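>>> need coordinates for the following:
(4 chains)
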Number of protein chains: 4
Amino acid sequence: MSTTTSAPPHGYTPEKGRLLKRLARVEGQIRGIAGMVEDDRYCIDVLTQISAAQAALDKVALGLLDGHTRHCVMGASDAALREERADELLAAIARLMRRG
Amino acid sequence: MSTTTSAPPHGYTPEKGRLLKRLARVEGQIRGIAGMVEDDRYCIDVLTQISAAQAALDKVALGLLDGHTRHCVMGASDAALREERADELLAAIARLMRRG
Amino acid sequence: MSTTTSAPPHGYTPEKGRLLKRLARVEGQIRGIAGMVEDDRYCIDVLTQISAAQAALDKVALGLLDGHTRHCVMGASDAALREERADELLAAIARLMRRG
Amino acid sequence: MSTTTSAPPHGYTPEKGRLLKRLARVEGQIRGIAGMVEDDRYCIDVLTQISAAQAALDKVALGLLDGHTRHCVMGASDAALREERADELLAAIARLMRRG
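Numbering: from 1, shown residues only, chains lettered A, B, ... in the order given. This next block holds a predicted model:
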């Protein structure tokens, strides 16, 4: 049901720079967590950083959901496409709530 | 309440290699997600990968919780220390459930 | 930003019977959990039932999200109202992901 | 792996009254949510109450985890039983994180 369009943009395109900045930060957080494990840092401190990375990832997901809902779902050209995209959106939300 | 001991090991030390491998995979997943955003990939596909990265990060957290519970909490030398570590553990679990 | 309309229906109205059945089941699950605590049942068994109740409550939330997205958000009469409802929807999703 | 002991108490027994009070409140919240659906209340308002009920259920779960960790896991009489209970505890935490 997923389509890769050869012609962007998608709903998140205006936000693209901000999303990429956030993802770069999450990547750094993961590297930092790995460094803590390498250095045998106290377990609880590592877990605190993991929680922070999860929260940051959630922010990225919500940013994507936001753009997608407004542009790709609500802005879809015809009723059938809107229905299909609403299906996909709800499935994605369910996965995010379930964490996987 | 956190202490960095100059002398490991911690509860996760036997699992260290496995945790580091998992974290490296998560780091790769985040880079992959950034690449998808760069390439204007379909929002839902990006969200699917975010869910996968979160599930993987949860696995790391559970691995750390496991080792910490068995060694640092249950194996603590005296009752007062065990109580203190139980406090920390429950707080960490609450943060993981709350996602941040 | 919330409005109670004196004239339904909302997006979930066709699903109303199913949602009420689900909520009745969750209510029964909660009573069952209280009974287990009353009877000093083993902690882990009680926790298993709590997880089940949470999963059931999530299903209700997703059912509401589904109807709301399709009818109240996408079906809103003008662009400004659609924007406002998209704002509310995203905020609700964020709360569900954060568990409160 | 679950055992019902004929002779309480469990780790949560001192907290029993508080847990039952909390569960009674959650039960009331669920009934309230059903009432809102019956009355065709605005979807977002219902979702807000669901998030509140989920947060309250999480508090009950954490209270049980707390007592169980301190008494049933850490306080277990021999090493093999402690290991078994640690296994169960970690599995319960994983389910709570996964919401089901």
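
>>> give me the most central residue, chain A.
In chain A, the residue lying closest to the centroid (C-alpha atoms, centre = their mean) is A:Ala61, at 2.6 Å.

>>> just to check, it is in contact with B:Ile50?
Yes - the pair A:Ala61 and B:Ile50 passes the contact test of C-beta atoms under 8 Å, sitting 4.9 Å apart. Heads up, the C-betas are built off the backbone N, CA and C, glycines and all.

>>> kindly report the residues of chain A close to chain C.
Residues of chain A lying near chain C by C-beta under 8 Å from any C-beta of the partner chain: A:58, A:61-62, A:65-66, A:69-70, A:73-74, A:82-83, A:86, A:89-90, A:93-94, A:96-98.

>>> same thing but at 10 Å, please
Proximity of chain A to chain C (C-beta under 10 Å from any C-beta of the partner chain) is limited to residues A:55, A:58-59, A:61-63, A:65-67, A:69-70, A:73-76, A:79, A:82-83, A:85-87, A:89-91, A:93-94, A:96-99.

>>> filter these by proximity to chain B?
Okay, of those touching chain B (C-beta under 10 Å from any C-beta), that's A:55, A:58-59, A:61, A:63, A:65-67, A:69, A:73, A:85, A:89, A:91, A:93-94, A:96-99.

>>> in PyMOL, select just the buried ones from the residues you listed.
For the buried members of those, the matching PyMOL selection, counting by 16 or more other C-beta atoms under 10 Å in any protein chain shown, is:
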select buried, chain A and resi 55+58+59+61+63+65+66+67+69+73+85+89+93+94+96+97+98+99
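
>>> check whether the helix or strand bottoming out on mean pLDDT in chain A comes near chain D.
Taking mean pLDDT, DSSP states H and E as the measure, the helices and strands of chain A show their lowest mean at helix A:79-98, namely a mean of 90. Yes - counting by C-beta under 10 Å from any C-beta, chain D is contacted by helix A:79-98 at A:97-98.

>>> give me the element A:Asn63 is part of.
Careful, residue A:63 is Gly; it's not Asn. Using DSSP states H and E, A:Gly63 sits within helix A:43-67.

>>> again but with A:Arg41, I slipped
Using DSSP H and E, A:Arg41 sits within no helix or strand.

>>> quick check on it: phi, psi?
Phi and psi for A:Arg41, reported as degrees, to the nearest 10, are phi -70, psi 160.

>>> wait, it touches A:Ile50, no?
No - taking C-beta atoms under 10 Å as the definition, A:Arg41 is not a contact partner of A:Ile50, at 12.0 Å.

>>> would you mind telling me which of these two has more residues around it?
A:Ile50 (25 against 19; other C-beta atoms under 10 Å in any protein chain shown).

>>> next up, the contacts around A:Pro24.
Careful, residue A:24 is Ala; it's not Pro. Contacts here follow C-beta atoms under 10 Å, 6 or more residues apart in numbering or on different chains; on that basis A:Ala24 touches B:30-31, B:34.

>>> what of A:Tyr12?
Shown in contact with A:Tyr12 (C-beta under 10 Å, 6+ apart): A:18-19, A:60, A:63-68, A:70-72, B:37, B:40-41, B:43, B:46.

>>> got a quick ChimeraX command for the buried subset of the residues you listed?
Remark: buried members of the contacts of A:Tyr12, expressed as a ChimeraX selection using 16+ other C-beta under 10 Å:
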select /A:19,60,63,64,65,66,67,68,70,71,72 /B:37,40,41,43,46
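
>>> in chain A, what spans have low per-residue confidence?
Low-confidence segments of chain A, defined by pLDDT under 70: A:1-9, A:100.

>>> redo that, cut-off 90
Under the criterion of pLDDT under 90, the regions of chain A flagged as low confidence span A:1-15, A:67-83, A:86, A:98-100.

>>> gap between A:Pro14 and B:Met97?
Distance of A:Pro14 to B:Met97, given as C-beta to C-beta, to the nearest Å: 33 Å.

>>> same check on A:Gly63?
As for A:Gly63, its distance to B:Met97 is 23 Å (criterion: C-beta to C-beta).

>>> same check on A:Gly11?
Applying C-beta to C-beta, the value for A:Gly11 to B:Met97 is 30 Å.

>>> do A:Leu47 as well
Taking C-beta to C-beta, one finds A:Leu47 at 12 Å from B:Met97.

>>> then A:Arg18?
For A:Arg18 relative to B:Met97 (C-beta to C-beta), the value is 28 Å.
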